[in-house]
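Engineer: here's my sequence, what's the structure:
(one chain, ligands or ions: 2)
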Amino acid sequence: MRLTEHDGKGVLQRHGVAIPRGRLLRGAPGPGDAGVLKAQILEGGRGLRGLVRRSNPGEAPEVAAAIRAALGDAAAPLLLEEALPLTREIYLALRIDGTAQCIEMLCAPAGGVAVEHASGLLRCGIEPEAPGALETLFATLRAGFAPELAARLARLALRLARILQAEDLELLEVNPLGLLPDGRLVACDAKLVRDDAAGFRQAAPDLSAALEEAALTPLERRARAQGFQLVDLPGGTVAMITAGAGLGMLMLDLLADAGCPAACFMDNANGGPAETMPERLALAFEIAARPEVKAVMFFTTLASRGLRGRVEALAAALRATPPTKPFLAGIAAGHVALRGYPLDQARADLAAVGVTALHDNPQDLVRAVAAAVRG
Ligand code: GDP
Ligand code: MN
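Structural biologist: Ligands and ions are numbered 1, 2, ... in the order given. So this is what the prediction gives:
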């Protein structure tokens, strides 16, 4: 879950990180209000889009109205903060590096709205509890900062890494980290992304939860209520039914490479793939009704669960609701799953309910899907 800046700064403040003084405005600013007004949306790049603006005393109501007009929402919550005199804008981020299985620190000495174009990115992996963590950070940051500032940044980065762990974050990005004339470092912006798997032990902040909910499409909202995650992918040509996230990502890439991108992505949030199969099928069929969607693709893997049970469940669902577009299935089953029920039998049983093809290899399946999409 992505937290709004306001919620993210709340987390940082609870952990003792300096943030600008400010408050959330639900209504119009008062006549005495002044400072930086900031749209609270889940996308970045607000500065470049005119959604972060300074206002002098007396101007705040007009500036707030202009930001809300640009958002197309007259009631959009805004963050009103003191305008701080920044002598320098630094980009500092901590993220989970999934490949290296560690926390990585990233720092651009020239941060701010154009950080994508900045050169001289400093980075290193860190283990917050390891004895040399602070020294590693200092050595890395020293390449871009004078010793005194590098030392303070290293301590802040270590603190942020511990916050990342305590708060179950995948990303904690501060851009800009503002340097004030008196030498203080203040987090002027905050982008925090929480690991969704930690939802059971981390309460979702109200504003972030409301924005996330509002951003869902009707189908995505229905999927969530039914206990799984659906991502609508407009423009896709294949209604894709998968269960696990890793397998789903793999198939998403294979389909895109084959020139027939997926129209949706599914992740069974609650484990066992069997429970939501009819619901996932129903949503996929609704997506398949779109004119640009040319085929439905089902893919799953089975290690120890029996193939027969899965095929019977799928066949029953397809008998109840026959597919209206070519339906191609893939099941990669281990030898335990195949016991007493070979793949050829599954192929015949599925063909009887209108399944165009059954493959056990994802590459073969995707090739067949691409051919079906081309017609
Ligand atoms: P983003 O573009 O969505 O990342 O929004 P930011 O919160 O980073 O704001 C964009 C830019 O506004 C920053 O890079 C700063 O240059 C500027 N800004 C934001 N807050 C302050 C502040 O308190 N003082 C000053 N001087 N500039 C600010
Ligand atoms: Mn920013």
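Engineer: taking the chain, what residue is nearest to ligand 2?
Structural biologist: residue 189 (3.5 Å; CB to the ion). Quick note: C-beta positions are derived from backbone N, CA and C, even for glycine.
Engineer: and that residue, backbone torsions?
Structural biologist: When read as degrees, to the nearest 10, the backbone of residue 189 gives phi -150, psi 160.
Engineer: now swap in the one 10 residues further on and tell me
Structural biologist: Backbone torsions for residue 199, taken as degrees, to the nearest 10, come to phi -50, psi -30.
Engineer: do you know the pLDDT at it?
Structural biologist: Reported pLDDT at residue 199 in the predicted model: 86.
Engineer: check contacts around it.
Structural biologist: Residues near residue 199 by CB atoms under 8 Å, 6 or more residues apart in numbering: residue 1.
Engineer: how about the strands in the stretch 201-350 of the chain?
Structural biologist: Remark: strands assigned in the stretch 201-350 of the chain by DSSP state E, counting those that start in this stretch are 229-232, 238-241, 264-267, 295-302, 327-333.
Engineer: same for the longest helix seen in the chain, what does it pack against?
Structural biologist: Longest helix in the chain, counting residues (DSSP state H): helix 147-166. Counting contacts by 3 or more CB pairs under 8 Å, 6 or more residues apart in numbering; DSSP states H and E, helix 147-166 packs against strand 88-97, strand 102-108, strand 122-126, helix 133-141, strand 169-179, strand 185-187.
Engineer: near ligand 1, which residues of the stretch 51-200 of the chain?
Structural biologist: For the stretch 51-200 of the chain, the residues in contact with ligand 1 (CB under 6 Å from any ligand atom) are 52, 81, 83, 84, 86, 89, 112, 113, 175, 176, 188, 189.
Engineer: can you turn the buried subset of the residues you listed into a selection I can paste into PyMOL?
Structural biologist: Command for PyMOL that selects the buried part of these, burial taken from 16 or more other CB atoms under 10 Å:
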select buried, resi 52+81+84+86+89+112+113+175+176+188+189
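Engineer: what's across from residue 124 in the sheet?
Structural biologist: Beta-bridge pairing of residue 124 under DSSP bridges involves residue 105.
Engineer: does it touch residue 134 like I think?
Structural biologist: No. Residue 124 is beyond contact range of residue 134, at 11.7 Å (criterion: CB atoms under 8 Å).
Engineer: in terms of pLDDT, where does the closest residue to ligand 1 within the stretch 101-250 of the chain sit?
Structural biologist: With CB to the nearest ligand atom as the measure, residue 189 is the residue of the stretch 101-250 of the chain nearest to ligand 1, at 3.3 Å. At residue 189, the pLDDT value in this model is 97.
Engineer: for it, give me its contacts.
Structural biologist: Contacts for residue 189 were tallied using CB under 8 Å, 6+ apart; they are 5, 174, 175, 176.
Engineer: and it, how close does it get to residue 336?
Structural biologist: Distance, residue 189 to residue 336, using CB to CB, to the nearest Å: 52 Å.
Engineer: same thing with residue 177?
Structural biologist: 53 Å.
Engineer: more neighbours: which of these two?
Structural biologist: Per other CB atoms under 10 Å, whichever of residue 177 and residue 336 has more neighbours is residue 177, with 27 against 12.
Engineer: in space, what's closest to that one - neighbours in sequence excluded?
Structural biologist: Residue nearest to residue 177 in three dimensions, not counting chain neighbours: residue 90, with 4.4 Å by CB to CB, 6 or more residues apart in numbering.
Engineer: thought that neighbour was touching residue 153?
Structural biologist: Yes. In this structure, residue 90 is within contact of residue 153 by CB under 8 Å, at 7.4 Å.
Engineer: so what sits against both of those two?
Structural biologist: Jointly contacting residue 90 and residue 153 under the rule CB under 8 Å, 6+ apart are 107, 185.
Engineer: count of residues packed around whichever residue of the stretch 251-375 of the chain sits closest to ligand 1?
Structural biologist: Proximity to ligand 1, evaluated over the stretch 251-375 of the chain using CB to the nearest ligand atom, is greatest for residue 265 at 26.1 Å. Residue 265 sits with 18 neighbouring residues when counted by other CB under 10 Å.
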